[in-house]
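[1] okay, here's the prediction I keep looking at, along with the sequence it came from:
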Amino acid sequence: MIPINKPIMGKEEADAVLKVIESGVLTNPMPEGGPNLQAFESELQSFSGARHAIAVNSGTAALQISLLACGVGPSDEVVVPSFTFMATASAVVLIGARPVFVDIDRDSYNMSPKAFKKAITKKTKAVIPVDLYGLPADMDEINGIAKANNITVIEDACQAQGASYKGKMAGTLGDMGCYSFYPAKVMTTGEGGAVVTNDDSLAEKLRRARTHGQVMGYDSVMLGGNFRMPEMEAAMGMVQLKKLPGFLVKRRENAKSLVWALRGAKVWMPEVPMEMRHNWYLFTVKLASAMQRDDVKARLLEAGFGAAVYYPIPVHRTPYYAGLGYGKLNLPETEDAVARVLSLPVNPIVNEDDIGRMADVIKKSQ
């Protein structure tokens, strides 16, 4: 089976982890972190073009400390899309605030700026646009709306590391941006995540929040938790970050080849605006109906291709959020996408023969 995504690691990562084990320094409880963490953050700053990078133990943790850093708490509202992984909304709930779900743009699958603007109330403290599938959201418009209403923008770039918008790296397009290094992402640290920002004050708060709000130790000045990235993960991350440009080149080559191979097929292809660069974390097409989507998916799986639906249920209709009263929200573009999208593997292990066979399966199913 050719997986939709998988971690690509070798001896270099194993050697980096072994070196940490042999050193005996596995973590550091201070806000600045251990030597490998600091080195990884420095490399991440350079790669992203951000002034600060704060590494943590998951993408969800990155979202949580971002919310803590900008002072979101009980009685506040945070605008989020429902067509995303649940972590975007759960980070809001976990700090006691209320997520406000809005609809998406039909073509990009990202948050609709118009829907965001319509959802703003006096309680709106932040907005979390998601760069879904690796394509940046319409950040100019979202930032403009947010600035006019004194709302903090936390870019959820957990799927978009290496993508860009008007020459700026995804993750650096809001007040803060969050990455995930989960094994299925474009690079991995095993688990892990990071927040990048150009704001010195926010960076200081982010570092404190990841270590129980401490400054010097045992002196918590703000709410925080244990969100630290261990030294082994940071060491692995430095190796993976060096490989990331090559991973992205291969993904873009595969995506370009798949677009060409699918010419004539009755599918809606992913659209990439001129000012954006996709990282092709997921190559997502749209079929005519849910029945056709499910049939194509079944045929691809039978042929050995790990086609998958991201996401089969919108967050607001999952049992937990439906139980909170969100289940009857009217989000028509979200519901349409849920019914018809299908993601295809274009990760670096996919080759030209795989792409040709995958396209043939899709064409023959129609």
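    Received, thanks.
[2] domain assignment for this protein?
    Following automatic domain parsing, the chain resolves into domains at 11-240, 244-364.
[3] looking at those domains, which one is packed in the most?
    For the domains of the chain, the largest average neighbour count (mean count of other Cβ atoms under 10 Å) is found in domain 11-240, namely a mean of 21. Yep, even glycine has a C-beta here, placed from its N, CA and C like the rest.
[4] as a whole number, average confidence for it?
    Mean pLDDT, domain 11-240: 97.
[5] can you measure across that domain, start residue to end residue?
    12 Å (Cα to Cα, to the nearest Å).
[6] distance check, the most centrally placed residue in the chain against residue 301.
    In the chain, the centroid-proximal residue (Cα atoms, centre = their mean) is residue 158; its distance is 1.9 Å. Distance, residue 158 to residue 301, by Cβ to Cβ, to the nearest Å: 26 Å.
[7] in the protein, spot the helix with the most residues.
    Taking DSSP state H as the assignment, the helix of the chain that covers the most residues is helix 231-261.
[8] next SSE after that helix?
    Toward the C-terminal end, the helix or strand that comes next after helix 231-261 (DSSP states H and E) is strand 276-277.
[9] paired strands for that following strand, with orientation please.
    strand 164-165 (antiparallel) (DSSP bridges).
[10] now do the same end-to-end measure for stretch 148-155.
    So stretch 148-155: terminal residues 17 Å apart, Cα to Cα.
[11] cool, stretch 79-91 as well?
    End-to-end distance (Cα to Cα), stretch 79-91: 12 Å.
[12] then stretch 283-297?
    Stretch 283-297 end-to-end distance (Cα to Cα) = 14 Å.
[13] can you give the contact residues for that stretch?
    109, 133, 254-255, 258, 262, 266-270, 307-310, 337, 339-346, 361-362, 365-366 (Cβ atoms under 8 Å, 6 or more residues apart in numbering).
[14] so which residues of the stretch 251-366 of the chain form strands?
    276-277, 283-286, 341-344 (DSSP state E, counting those that start in this stretch).
[15] brain fart, the stretch 101-250 of the chain
    Using DSSP E, counting those that start in this stretch, strands in the stretch 101-250 of the chain cover 124-127, 152-156, 164-165, 168-169, 176-180, 193-197.
[16] take those strands and write them to TSV, including distance to residue 104.
    Below are these laid out as TSV (distance: least, Cβ to Cβ, whole Å):
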stretch	distance to residue 104
strand 124-127	14
strand 152-156	13
strand 164-165	17
strand 168-169	22
strand 176-180	19
strand 193-197	23
